[in-house]
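1. Next input, structure requested:
(4 chains)
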2 protein chains.
Amino acid sequence: MKKLGQELRKIRESKKILLRQVASYLEIDTAMISKIERGERRLNRQQVIKLAEYYNEKEDKLLTLWVCDKVLDVVENEPYAKKGMQKALKTLVV
Amino acid sequence: MKKLGQELRKIRESKKILLRQVASYLEIDTAMISKIERGERRLNRQQVIKLAEYYNEKEDKLLTLWVCDKVLDVVENEPYAKKGMQKALKTLVV
DNA sequence: TTGTGACTTGTCAATTATGGGCAAATATAT
DNA sequence: ATATATTTGCCCATAATTGACAAGTCACAA
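-> Alright, predicted model coming up:
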């Protein structure tokens, strides 16, 4: 969760909101949000959507980052990452 | 594992090899290979490499399909699949 | 310096996902 | 009709993930 986490931290800091507050909103532990923003843990789709609302951010922007992270996650350290992703992308389009 | 499974089945049938034989080579149950070829279960990286040898196929071709499947897997039913993957792809290149 | 609030880190428990075996059911070919 | 090949369903073991909690660090105000 590198990209999304970074973005969420940026957003949160710009709005001067505390981890504690976000955590309470999502009804999870503060430590969890900390880990999420640092890319150590993942959000699920619903949580991303809730956060988009909470922060008044475009849902599609955050979900795109969320998908991006999941994809990068699955291909990390994979020599054929690029080739595989390109093929996958073609499949989607067709 | 749609793509890789299909490919593996095509290869195996073209060589008139039995599931039983492949299974024995990989030291797993025959049912497992059946499931793999039909996309119900996944191979791990090492198994893909072993199969490439076994079938005399280019390792990179099979691994690319393998990565492709993993990626498609992770984005299936995701409206932002394409956007997310494109962003992920850009990240890789940079 | 001490204290306080914000965040991070490490560990543990609970849940969920995955990989594999086995047996029974189907399908295919003799 | 029988034997062989494949598929299906179910169950178990192990691995991965999620979350809570407690203890730790850090920055800074009193």
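2. Residue A:86 - how many residues pack around it?
-> When neighbours are defined as other C-beta atoms under 10 Å in any protein chain shown, residue A:86 has 18 of them. In this view, the C-beta of every residue, glycine as well, is placed from N, C-alpha and C.
3. Tell me the first helix or strand C-terminal of the helix or strand residue A:48 falls within.
-> For residue A:48, the host element (DSSP states H and E) is helix A:45-55. Next helix or strand after helix A:45-55 toward the C-terminus (DSSP H and E): helix A:59-75.
4. Show me how far that following helix is from its chain's centre.
-> With C-alpha atoms, centre = their mean, to the nearest Å as the basis, helix A:59-75 stands 6 Å off its chain's centre.
5. Just the residues contacting it, thanks.
-> By C-beta atoms under 8 Å, 6 or more residues apart in numbering or on different chains, the residues outside helix A:59-75 that reach it are A:1-5, A:7-8, A:39, A:42-43, A:45, A:48-49, A:51-53, A:81, A:84-85, B:67, B:70-71, B:73-75, B:78-81, B:83-85, B:87-88, B:91-92.
6. ok, now how distant is residue A:15 from residue A:36?
-> Counting by C-beta to C-beta, to the nearest Å, the gap from residue A:15 to residue A:36 is 16 Å.
7. quick revisit: which of the contacts of helix A:59-75 come close to DNA strand D?
-> Among the contacts of helix A:59-75, the ones lying near DNA strand D by C-beta under 7 Å from any atom of the strand are residue A:42.
8. which of the contacts of helix A:59-75 are buried?
-> If you count burial by 16 or more other C-beta atoms under 10 Å in any protein chain shown, the buried members of those come out as A:1, A:3-5, A:7-8, A:39, A:42-43, A:48, A:51-52, A:81, A:84-85, B:67, B:70-71, B:74-75, B:78, B:80-81, B:83-85, B:87-88.
9. Look up how far DNA strand C lies from the residue of chain A found nearest DNA strand D.
-> Per C-beta to the nearest atom of the strand, residue A:29 is where chain A lies closest to DNA strand D, at 3.1 Å. Residue A:29 is 8 Å from DNA strand C, where distance means C-beta to the nearest atom of the strand, to the nearest Å.
10. tell me, how many neighbours does that residue end up with?
-> Burial measure for residue A:29: 13 neighbouring residues, criterion other C-beta under 10 Å.
11. State the helix or strand in which the spatially closest residue to it that is not a sequence neighbour lies.
-> Nearest non-adjacent residue to residue A:29, counting by C-beta to C-beta, 6 or more residues apart in numbering or on different chains: residue A:23, 6.1 Å away. Here residue A:23 is covered by helix A:19-26, with elements defined by DSSP H and E.
12. Understood, closing this out.
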